[in-house]
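Enquirer: need the 3D shape of this:
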Amino acid sequence: MSKVVLGMPGPWVKNYREVADHYTTKIGGLPDWPIPDVDVGSLECGACGSRLCLVVQLYAPVFGDALNIEERIIYIFGCTMQSCGSNPLSWRVLRVQKLKSEEESPSHEGVTSLETSSAPISSDHCLEDIRTHDSGKLCDDVNDDDIDLKELVLPCFYIYPQEELLSEHVTAVCSNYSSLSLKEKECDLDDNKEKDTWEEESYEYDRALFVDRTFLKFKKRMDSYPEQSFRYSYGGKPLLASKELEVPASCALCGGFRHYEMQLMPPLLYFLREASDGSLTHSPEHWNWMTLLVYTCSQG
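Expert: Numbers count the residues shown, from 1 in each chain. Alright, predicted model coming up:
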């Protein structure tokens, strides 16, 4: 089983527009680019045209036999407008990394929800645009001077990594549901108040027997680390909340297959909603996804 690193919430940033560096992993705020001028085009929603907000900035170097990339950052942008949160056109992911030629090369990657999949379309510029309805050129330069400091941003907090460790108890949760339900059926529900209370609890376990096993696995992993904002496992397997999952399209730049790298989790929505003040920040109140999966090119 591939190692899974969880993104756990750290301290909130007093100024949500605080400048950090590209080695910083955080939620919200403004993106910290590794170089002054990064040609990423206009970060606009492919569904409504609104400006996208930074959701996650992740420093994600890759070290292995096939790849050794120390300078590698993933930026996830999303639209907070009503009806856009679950639309794959309203999400964009940028991967910025240093090539062997010492040049910085940003590229877009596919982002897939459990229900729908965006099909990347290559532009004739140096970047790949994953918005399915638009294959136009990406020609806008994005740098610190272009950012309107009055622009609304998502609340910002730092992330610290924690490796996911699964206990035997967590691994056996599904079987526990079954055994508890069977034991409960042997109880006399009319004996006393304590048994009445146990009856209510057993009803939940009994109902759990008919819940999709994929969702049960998702829930037990969530219950083990209830504050996890995202999950990271380069080339690993996603934690699905539903059996339905579309296969991501191949990389439009090199034709290589895309593999799973990370996913956003429900606690992220809770933290952002709680911190939004309604005046200086955006609020993801219209986001209603259970998880959001990010696939990147296996060749980079």
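
Enquirer: ok, which stretches of the protein are helices?
Expert: 168-171, 173-185, 193-208, 213-224, 266-275 (DSSP state H).

Enquirer: which of those helices has the lowest mean pLDDT?
Expert: Of all the helices of the chain, the minimum mean pLDDT falls on helix 173-185 (a mean of 41).

Enquirer: ok, M81 - contacts?
Expert: Taking CB atoms under 8 Å, 6 or more residues apart in numbering as the criterion, M81 is in contact with 45, 48, 50, 90, 286. C-beta coordinates here come from the backbone N, C-alpha and C atoms, glycine included.

Enquirer: between these, which has the most around it?
Expert: When the contacts of M81 are compared by neighbour count (other CB atoms under 10 Å), S90 ends up highest, at 25 neighbours.

Enquirer: and the gap between that one and P238?
Expert: Look at S90 and P238: by CB to CB, to the nearest Å, they are 20 Å apart.

Enquirer: which residue packs closest to P11, ignoring adjacent ones?
Expert: Y158 (5.7 Å; CB to CB, 6 or more residues apart in numbering).

Enquirer: for that neighbour, what are its contacts?
Expert: So Y158 contacts 10-11, 13, 24-27 (CB under 8 Å, 6+ apart).

Enquirer: out of these, which comes closest to H282?
Expert: Comparing the contacts of Y158 against H282 with CB to CB places I27 closest, at 12.4 Å.

Enquirer: wait, that closest one touches L58, no?
Expert: No: assessed by CB atoms under 8 Å, I27 is found out of contact with L58, at 9.7 Å.

Enquirer: between those two, which contacts overlap?
Expert: With CB under 8 Å, 6+ apart as the test, I27 and L58 both reach 7, 159.

Enquirer: so which of the two has more stuff around it?
Expert: With neighbours defined as other CB under 10 Å, I27 and L58 compare such that I27 has more, 28 against 22.

Enquirer: and the gap between that one and G7?
Expert: 8 Å.

Enquirer: list the residues that contact both of these two?
Expert: 56, 159, 229.
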